[in-house]
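K.L.:
Pasted the sequence and its predicted model underneath.
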Amino acid sequence: MRHLSKIAMVFTFGLAAAGCFVPTDPGPYNGPVHGGGGPVVTPTPSPALDAPVALGLRGMPGYHVAAGASSALPDGDLGFVITANGQGGYRVTWSDTYGSAAHFSGQITTDGYFDANQVVGYTGAEYITLSTDSRVITFDSTPGSYVDGVDLVSSTDPIYLDLTVDGARSGFGVYFTGAQTGAVINSAYVPVAFTSP
């Protein structure tokens, strides 16, 4: 039978009791990088794809919507879905996947004007009005689990959306497909602006 020295037993017991110490990776270094004799180089961070940007005359936080892409409201959520054709045409739809009596309403505005002949309800169950100067679309409905919405064509991008569910500007999603990644994204802002592409 072998006998371990006291130092070996303490070392073995210490590893078994405390586990191995593995230093953690501190992550990427954001400071200057010295290139081995050359000038100090500071890395430039790349912009986040589909990140919100200031849009339009209002400088409102907003996003670029992928032209011609579909998008959907995830199961178990309620809110709005924005799609676009890339030529000034947008569809704004809303629903509640649980079918509650939530009331959806809002205003869609533009720096230009909306074509009055192309402001059309998605199902006909929506209450939609266009202002006399053709710059503001007001809508509301209670769709339950059905999908209500409005199709529109704006003379300029972006469009601005001020959306509510039961009078609140939170507690719901505003989904769209990002122009850069093609991923379905939930807006971090309400009110929010959209342009395409």
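P.N.:
Okay, I see it.
K.L.:
Could I get the buried residue list for stretch 130-149?
P.N.:
Under the neighbour-count criterion of 16 or more other C-beta atoms under 10 Å, stretch 130-149 has 130, 134-139, 141-143, 147-149 buried. In this view, the C-beta of every residue, glycine as well, is placed from N, C-alpha and C.
K.L.:
Actually, stretch 95-105.
P.N.:
Within stretch 95-105, the residues that count as buried by 16+ other C-beta under 10 Å are 95-96, 102, 104-105.
K.L.:
Poorly predicted segments of the chain, please.
P.N.:
Scanning the chain for pLDDT under 70 picks out 1-47.
K.L.:
can you give me the helices in it?
P.N.:
With DSSP state H as the criterion, the chain has helices at 6-18.
K.L.:
Might one say that residue 193 is in contact with residue 57?
P.N.:
No: assessed by C-beta atoms under 8 Å, residue 193 is found out of contact with residue 57, at 10.2 Å.
K.L.:
more crowded one of the two?
P.N.:
Neighbour tally, residue 193 and residue 57, criterion other C-beta atoms under 10 Å: the higher count belongs to residue 193, 25 against 10.
K.L.:
Pairing partners for that one in the sheet, please.
P.N.:
residue 62, residue 160 (DSSP bridges).
K.L.:
so who does it touch?
P.N.:
Shown in contact with residue 193 (C-beta atoms under 8 Å, 6 or more residues apart in numbering): 55-56, 58, 60-63, 158-161.
K.L.:
And it, how far from residue 155?
P.N.:
Separation of residue 193 from residue 155 (C-beta to C-beta, to the nearest Å): 15 Å.
K.L.:
One more: residue 187?
P.N.:
Taking C-beta to C-beta, one finds residue 187 at 23 Å from residue 155.
K.L.:
Mind checking which of those two has more residues around it?
P.N.:
For the pair residue 187 and residue 155, the greater number of neighbours falls to residue 187 (22 against 13), based on other C-beta under 10 Å.
K.L.:
if you skip the residues just before and after it, what's nearest to the more buried one?
P.N.:
Ranked by C-beta to C-beta, 6 or more residues apart in numbering and with sequence neighbours excluded, the top spatial neighbour of residue 187 is residue 174, at 4.0 Å.
K.L.:
Looks like the one you found contacts residue 73 (just checking).
P.N.:
No: with contact defined as C-beta under 8 Å, residue 174 does not count as touching residue 73 (10.0 Å).
K.L.:
so what's in contact with the two at the same time?
P.N.:
Contacts common to residue 174 and residue 73, judged by C-beta under 8 Å, 6+ apart, are 79-80.
K.L.:
Fine by me, thanks again.
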